[in-house]
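K.L.:
Sharing a sequence plus its predicted fold:
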Amino acid sequence: THFGFSTIPSTLKASRVANVFSSVASSYDTMNDLMSLGIHRLWKDHFVRCLNPGIRPTGPAGLRSESTKEEGQRILDIAGGTGDIAQRMLDHATTVNKDMKTHVTISDINPEMLAEGRKRFAGSDYQLAGRVDFLEANAENLSTIPSNSIDLYTVAFGIRNFTHKDQALREAFRVLKPGGVFACLEFTPHLSNSVLDGLYKRWSFGAIPLIGQVVAGDRDSYQYLVESIERFPGQGEFRDMIKEAGFLVPGQEGGEGEKGGWEDLSLGIAAVHKGVKP
Ligand code: SAM
């Protein structure tokens, strides 16, 4: 491999990850479309739709505190990068739930990725209304965010890059309000069908570094991204890590898909995990 991450100290790993995202920031959105054949858009749409962000106009009474109704939700999009998830959440809250107040903080460790996000929202209605802001922070240490202050914590295609995933999950738990939701959209290391898994591995290990080289002039960063998917825990193991951090997850050990407490997308290439803070 190009990096041999498993054998290098974690501090070095963190800086390597930072370099990867600095070098891909400006080509990141185009590359996502090419590498996933545009499917990442469908996954993100689905992820946001199933979270239904924003205060529903006619929800069951008593489900939300009066102050949340007044102020909208506080959403924290971790590893928010160029703002793909934040944009969708604000659009959903506004157009589906007619909620003009819900606020999203886009947080990322990488200033170049955040700069792309800032560009996207510059001059937008959301920015003018103060419904979006940016925070440069490591997901493993969100010390500027008070405990019990967030309604919804999202992380899409981010957590597999974190050095200490368990620490990031504990921080998610800390900042969420009781009843708040943790939601993660991430690639899975293996497809359940081994034939498809073989084909998919050939695509990802063959084509993606090549596309990275041709389009972004950066083979190594995309090689790293593919390898980081391989190293991420499987769905059941990741569900157990979420439980370990204190979240309630309905799924059972040995269960698959919804019975296991997660949702597989596109044959299990990606999965959605959720947890609720009791
Ligand atoms: N969520 C966006 C999306 O779905 O398009 C961006 C995903 S991008 C593949 C991963 C992001 O994770 C990068 O912007 C990177 O800077 C960020 N990241 C990596 N390690 C991080 C950490 N420890 N804390 C916060 N963000 C991190």
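P.N.:
Thanks, I have it.

K.L.:
Can you show me the strands along the stretch 101-250 of the chain?
P.N.:
Counting by DSSP state E, counting those that start in this stretch, the stretch 101-250 of the chain has strands at residues 103-108, 132-136, 150-156, 176-187.

K.L.:
I'd like these written out as CSV, with mean pLDDT and distance to Phe205 added.
P.N.:
C-beta coordinates here come from the backbone N, C-alpha and C atoms, glycine included. As requested, the strands of the stretch 101-250 of the chain are arranged in CSV below (pLDDT from 0 to 100; distance: least, Cβ to Cβ, whole Å):
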stretch, mean pLDDT, distance to Phe205
strand 103-108, 98, 27
strand 132-136, 98, 32
strand 150-156, 98, 22
strand 176-187, 97, 13
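
K.L.:
wait, which of those is closest to the ligand?
P.N.:
Distances from the ligand to each of the strands of the stretch 101-250 of the chain were compared by Cβ to the nearest ligand atom, and the smallest falls on strand 150-156, at 3.7 Å.

K.L.:
if we can go back for a sec, now the strands of the stretch 101-250 of the chain as TSV including distance to Gly260 and mean neighbour count?
P.N.:
Output for the strands of the stretch 101-250 of the chain, formatted as TSV (distance: least, Cβ to Cβ, whole Å; neighbours: other Cβ atoms under 10 Å):
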stretch	distance to Gly260	mean neighbour count
strand 103-108	29	25
strand 132-136	32	18
strand 150-156	19	24
strand 176-187	14	20
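
K.L.:
With distance to the ligand added, can I get those strands in JSON lines?
P.N.:
Compiled in JSON lines, the strands of the stretch 101-250 of the chain are given as follows (distance: least, Cβ to the nearest ligand atom, whole Å):
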{"stretch": "strand 103-108", "distance to the ligand": "5"}
{"stretch": "strand 132-136", "distance to the ligand": "9"}
{"stretch": "strand 150-156", "distance to the ligand": "4"}
{"stretch": "strand 176-187", "distance to the ligand": "7"}
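
K.L.:
Only the C-alpha atoms, please, for stretch 145-153, written as CSV.
P.N.:
Provided in CSV are the C-alpha atoms of stretch 145-153 (Å, rounded to 0.1, in the frame of the first residue of the first chain):
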residue,chain,number,x,y,z
ILE,A,145,-19.8,22.9,22.1
PRO,A,146,-21.7,22.7,25.4
SER,A,147,-23.0,19.3,26.6
ASN,A,148,-26.7,18.6,26.0
SER,A,149,-27.1,21.3,23.4
ILE,A,150,-27.6,19.5,20.0
ASP,A,151,-30.8,18.0,18.6
LEU,A,152,-29.3,16.1,15.7
TYR,A,153,-25.7,15.1,15.1
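
K.L.:
What is the neighbour count of Ile211?
P.N.:
Ile211 has 16 neighbours, counted by other Cβ atoms under 10 Å.

K.L.:
For Val226, see how far away it is.
P.N.:
For Ile211, the distance to Val226 (Cβ to Cβ, to the nearest Å) stands at 11 Å.

K.L.:
Counting neighbours, what do you get for Gln252?
P.N.:
Once other Cβ under 10 Å is used to define contacts, Gln252 is seen to have 12 neighbours.

K.L.:
Confirm it sits in a helix?
P.N.:
No: when the secondary structure is assigned by DSSP: H, G, I helix; E, B strand; the rest coil, Gln252 falls in coil instead of a helix.

K.L.:
Please state the backbone phi and psi of it?
P.N.:
Phi and psi for Gln252, reported as degrees, to the nearest 10, are phi -110, psi 150.

K.L.:
ok, it touching Glu258?
P.N.:
No: judged on Cβ atoms under 8 Å, Gln252 makes no contact with Glu258 at a distance of 10.8 Å.

K.L.:
who in the stretch 151-278 of the chain is up against the ligand?
P.N.:
Near the ligand, the residues belonging to the stretch 151-278 of the chain are 156-158, 161-162 when assessed by Cβ under 6 Å from any ligand atom.

K.L.:
Phe182 and Asp99, how far apart?
P.N.:
If you measure Phe182 against Asp99 using Cβ to Cβ, the figure is 21 Å.
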